[in-house]
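Engineer: Using only what follows, build the 3D model:
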Amino acid sequence: MLSITKDQIAQLPVRSYAGRAILINTMSDARAAMIYLNKQTIVGFDTETRPSFKKGQVHKVALLQLSTADECFLFRLNHLGLFDELKDFLSNESIIKVGLSIKDDFHALNRLGQIEPAGFIELQSHVKDFEIADNSLQKIFAIIFNERISKTQRLTNWEADVLTEAQQAYAALDAWACLKIYNYLKEGHFDPKTSQYIAPEPEISSSEN
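Structural biologist: Numbering: from 1, shown residues only. The predicted model follows:
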């Protein structure tokens, strides 16, 4: 199985988001984006929630990201709510949505409104077919592409009045990375046998009688 350490990740070059991040604040923009996204066959999926630093405090999903190969739509759900067109998209089994830890996303989204997700692929399960043992997006991406996804924006305020360019790029990169990983594996570009991150076999200790 393949695995990578934090120290190994720290040595890798940082991957920046090179596509277009499109922030969606209004319902008119949201509906226009959904018309476009409903024409896609596969997208990357992710969400962001304002971090909580107090025990028992839970925030609702603030941002939902849907990414194509070269652009990512950032829906500000704290402004839009879980609107009908988006709910329909998330339950459309004919459009593949690729994400990571998606059950957590579903649970959080259900706090905004009832959804019946369909057409989703869980990367954590999918990469096991390629002998990847790690579960985090950062580690999976590093093993496959030898590049590091920075997590410096993860604990920022996703409910802020204005999302910074750094926040937008981080959010877009996560959804885009899910899609890139899936397509790269599907196209047969990754051979686990040639990876430099093969985990060493655990030593079997023998006790003397």
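Engineer: For the rest of this, base every contact and every neighbour count on C-alpha atoms.
Structural biologist: OK.
Engineer: Keeping just the C-alphas, turn the longest helix seen in the chain into CSV.
Structural biologist: Counting residues, the longest helix in the chain under DSSP state H turns out to be helix 165-186. Extracted in CSV, the C-alpha atoms of helix 165-186 (Å, rounded to 0.1, in the frame of the first residue of the first chain):
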residue,chain,number,x,y,z
GLU,A,165,-8.8,35.7,-3.2
ALA,A,166,-6.7,33.2,-1.1
GLN,A,167,-9.9,31.7,0.4
GLN,A,168,-11.5,31.4,-3.1
ALA,A,169,-8.4,29.8,-4.6
TYR,A,170,-8.2,27.3,-1.7
ALA,A,171,-11.9,26.4,-2.0
ALA,A,172,-11.7,26.0,-5.7
LEU,A,173,-8.5,23.9,-5.6
ASP,A,174,-10.0,21.3,-3.3
ALA,A,175,-13.0,20.6,-5.5
TRP,A,176,-10.8,20.8,-8.7
ALA,A,177,-8.3,18.4,-7.1
CYS,A,178,-11.0,15.8,-6.5
LEU,A,179,-12.0,15.9,-10.1
LYS,A,180,-8.4,15.8,-11.3
ILE,A,181,-7.5,12.8,-9.2
TYR,A,182,-10.5,10.8,-10.4
ASN,A,183,-9.9,11.6,-14.1
TYR,A,184,-6.1,10.9,-13.8
LEU,A,185,-6.8,7.5,-12.3
LYS,A,186,-9.6,6.7,-14.7
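Engineer: Could you list every helix and strand that that helix packs against?
Structural biologist: In terms of contacts (3 or more Cα pairs under 8 Å, 6 or more residues apart in numbering; DSSP states H and E), helix 165-186 is packed against strand 20-24, strand 42-49, strand 61-67, strand 71-76, strand 96-99, helix 137-145.
Engineer: and the closest residue to residue 25 other than its chain neighbours, bridged to which residues?
Structural biologist: Leaving aside its sequence neighbours, residue 25 sits nearest to residue 76 (Cα to Cα, 6 or more residues apart in numbering; 5.7 Å). With DSSP bridges as the criterion, residue 76 is bridged to residue 63.
Engineer: What's the separation between residue 76 and residue 166?
Structural biologist: 16 Å (Cα to Cα, to the nearest Å).
Engineer: ok, these two, which is more surrounded?
Structural biologist: Set side by side, residue 76 and residue 166 show more neighbours around residue 76, with 24 against 12, by other Cα atoms under 10 Å.
Engineer: OK, contacts around that one?
Structural biologist: 23, 24, 25, 62, 63, 64 (Cα atoms under 8 Å, 6 or more residues apart in numbering).
Engineer: Same list, those residues, but as a markdown table with neighbour count please.
Structural biologist: Formatted as a markdown table, these follow (neighbours: other Cα atoms under 10 Å):
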| residue | neighbour count |
| --- | --- |
| 23 | 18 |
| 24 | 22 |
| 25 | 15 |
| 62 | 23 |
| 63 | 25 |
| 64 | 24 |
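Engineer: Next, the distance between the ends of stretch 97-107.
Structural biologist: 16 Å.
Engineer: Which positions in that stretch come out as buried?
Structural biologist: 97, 98, 99, 100, 101, 102, 105, 106 (16 or more other Cα atoms under 10 Å).
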